[in-house]
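Q: let me see the structure of the following:
(chains A and B)
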Amino acid sequence: MQVYLPIAEIPVNMFVIFGMGGAVGFLSGLFGIGGGFLLTPLLIFSGIPPAVSVATVTTQVVASSASAVVTYWRRKAIDLKLATMLLIGGVVGSLLGVILFDVLQSVGQLDLVISLAYVTFLGAIGSLMLIESVRAIRRRKSGARVTARRPGQHNWIHGLPFKMRFRQSKLYVSVLPILALGGIIGFLGTVLGIGGGFMMVPALIYLLRVPTNIVIGTSLLQIMFTMAAATIFHSIGTQTVDIVLALTLMIGGVIGAQFGARMGQNLRGDQLRLLLALLVLLVGMRFAIDLLLTPEDFYSIAIMKGAGA
Amino acid sequence: MISRVALLLAMVVCLFGTQTRAEDLVTALSSDEVSIQSNFTGTEIVIFGQISRDLNTIARPGVYDLAITVEGPSQDITTRRKGRFLGVWVNREYETFQGVPSFYALASTRSVGELGDRDLLDEYAIGLHHLNLAVSGHSGVPLSERDDFRNAFLRLRQQQGLYSERPQSIEFLTETMFRTKVPLPANIPVGQYKVKSYLLQDGGLLSAKESELTVAKSGFEQVTYNLANNYSLIYGLLAVTLAIFTGWLAGVIFRKD
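A: From the prediction side, this is the model:
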């Protein structure tokens, strides 16, 4: 069924878009991620203008994280104070992201920056996750005990000033790294059209030592609000949020996520992380190939002013 | 369609009285407005026409040539070329073409080169290679390579289906009545279009006519587009509300415990 998208100004097959939303939703439910980093490239590769893809996925991430937040809220596995602090950083980062997005779009380097950032972040995080999960699997196979969080363990981050107490997370840390983390992820999320959960979760666990059971819910709540802010900033700044495209993706996404989550319960954590690491690396590699291989067409055109700009 | 033809003939009759030139051209469009709705996947417009001859004019030997162009509202378009930089392919040189049509379709009775000489074709922008592709003031592209950018621009626009040239696509119904169809692809930009018809013979212009065509979004598409452009904050809030509601609903429906 062909439907004309009011903002993207092209007709798309609704079932294909719905299917994409569903497939990415399945993976996001399986791995407990937003899936933005998969969905944005998929949309771009299928012919949706990059600017529309990035802005619209931020809206889709709001929906997919909202549906998961409901579950974590019920389990009371969200640290509201921590989420608020992350959010303050996130909104500022997101605002800067929209400004940069606009500038890059007008100088014609948006695609390059998106590709480079995907290669860098997906490559780095994918490799780290791969190493970590392989080690975990080996440890499990050799029968060694996985070391639990030790309360007294500290790193340089715990020496920073402006400390604040987060009761639910049993933390007493400086707000600076929290604001910075929220800001960086909000910024990247807005520019790249990703929620950033796959960066936020490891950062909260390894850098701030937030308990694992609190991490996902808190990260999801923060992502939901940051992406909501990004949607509004994109609506005002670039006017590229396509509500019809977003709604189709959301419906596919939330349904897919339920099936993914059910399947995820049958897999071990380290196996899931290994699969996710491979997936992240694969997407990163796809972007790297585009940058390195001689392009089929050296020329490209972009409308700068007038009808359809 | 019959009523259109009747209208056309009525117009022809009316015009006979005031005619000063030897040959004149009367044209009509199958529709003055193309409306884009959610099921829009492209359409086509039919252009009818009649060549009318003054009663005192002696029939000239030779055949008439016709060229009909459909031009969309103008745009500034930047054409970029990729180059290698530190091992990766990035956009390097660029050229901005100013005030070029966002859509251009030519229908003609013969191939462009046979219609007339270069000056005439350039003057009336008949044919893709006779469009005025003015570049912006500051350009880092050497003169010798400017044509590469022009050609790439025309090629990419043709690939998108927004520029086309279709010789021999005008059909003569009688000796003086003609008809042509111009396809409008799904990705046409909205705005005011100009349909220009030229009657030519032996490389000379005998008559020209211009009419307007409106391409506009309608219904839901228009409301959404308007909201996004003129009330962007409300649009953004609406998108967020919709997303949170969809997510919340899914969370409640698929509740496991």
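Q: right, and residue A:50 touches residue A:110 too?
A: Yes - counting by C-beta atoms under 8 Å, residue A:50 does reach residue A:110; the two are 6.5 Å apart. Yep, even glycine has a C-beta here, placed from its N, CA and C like the rest.
Q: those two: which is more packed in?
A: Higher neighbour count among residue A:50 and residue A:110: residue A:110, with 21 against 18, using other C-beta atoms under 10 Å in any protein chain shown.
Q: so which residues of the stretch 1-150 of chain A form strands?
A: Using DSSP state E, counting those that start in this stretch, the strands of the stretch 1-150 of chain A run over residues A:2-4, A:11-13.
Q: does any part of the last one sit near chain B?
A: This means strand A:11-13. Yes - Strand A:11-13 lies within reach of chain B by C-beta under 8 Å from any C-beta of the partner chain, at residue A:11.
Q: that strand pairs with which strands?
A: Strand pairing for strand A:11-13, using DSSP bridges, gives strand A:2-4 (antiparallel).
Q: and the stretch 101-250 of chain B, which of its residues are near chain A?
A: Proximity of the stretch 101-250 of chain B to chain A, by C-beta under 8 Å from any C-beta, involves residues B:102, B:149, B:152-153, B:155-157, B:186-187, B:189-191, B:217, B:220-222, B:224-225, B:228-229, B:232-233, B:235-240, B:242-244, B:246-248, B:250.
Q: which among those count as buried?
A: Buried members of those, scored by 16 or more other C-beta atoms under 10 Å in any protein chain shown, are B:102, B:149, B:152-153, B:156-157, B:186-187, B:189-191, B:217, B:221-222, B:224-225, B:228, B:232, B:235-236, B:238-240, B:242-244, B:246-248, B:250.
Q: from the residues you listed, which land in helices?
A: Per DSSP state H, helices hold the following members of those: B:149, B:152-153, B:156-157, B:221-222, B:224-225, B:228, B:232, B:235-236, B:238-240, B:242-244, B:246-248, B:250.
Q: wait, residue A:283 touches residue A:119, no?
A: No - counting by C-beta under 8 Å, residue A:283 sits too far from residue A:119 to count as a contact (9.5 Å).
Q: which stretches in the stretch 151-300 of chain A count as helices?
A: A:175-192, A:197-202, A:212-237, A:243-264, A:269-292 (DSSP state H, counting those that start in this stretch).
Q: may I see those helices organised as CSV, with mean neighbour count added?
A: Shown next, in CSV, are those (neighbours: other C-beta atoms under 10 Å in any protein chain shown):
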stretch, mean neighbour count
helix A:175-192, 23
helix A:197-202, 23
helix A:212-237, 26
helix A:243-264, 23
helix A:269-292, 17
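Q: what's the least confident stretch among the ones you listed?
A: Mean pLDDT is lowest for helix A:197-202 among the helices of the stretch 151-300 of chain A, at a mean of 80.
Q: next up, the contacts around the closest residue to residue B:229 other than its chain neighbours.
A: Nearest residue to residue B:229 in three dimensions, chain neighbours excluded: residue A:239, at 6.0 Å (C-beta to C-beta, 6 or more residues apart in numbering or on different chains). Contacts of residue A:239 were listed using C-beta atoms under 8 Å, 6 or more residues apart in numbering or on different chains, and they are A:7, B:228, B:229, B:232.
Q: which one of those is nearest residue A:100?
A: residue B:232 (18.8 Å; C-beta to C-beta).
Q: can I get stretch B:42-54 in PDB, CA atoms only?
A: Provided in PDB are the C-alpha atoms of stretch B:42-54 (Å, rounded to 0.1, in the frame of the first residue of the first chain):
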ATOM      1  CA  GLY B  42       2.100  10.500  -9.500                       C
ATOM      2  CA  THR B  43      -0.300  11.500 -12.200                       C
ATOM      3  CA  GLU B  44      -0.300  12.900 -15.700                       C
ATOM      4  CA  ILE B  45      -1.700  16.000 -17.300                       C
ATOM      5  CA  VAL B  46      -3.100  16.100 -20.800                       C
ATOM      6  CA  ILE B  47      -2.500  19.200 -22.900                       C
ATOM      7  CA  PHE B  48      -4.800  19.800 -25.900                       C
ATOM      8  CA  GLY B  49      -4.300  22.300 -28.500                       C
ATOM      9  CA  GLN B  50      -5.400  23.700 -31.800                       C
ATOM     10  CA  ILE B  51      -3.400  25.600 -34.400                       C
ATOM     11  CA  SER B  52      -5.700  28.100 -36.000                       C
ATOM     12  CA  ARG B  53      -5.000  29.900 -39.200                       C
ATOM     13  CA  ASP B  54      -6.200  33.300 -40.300                       C
END
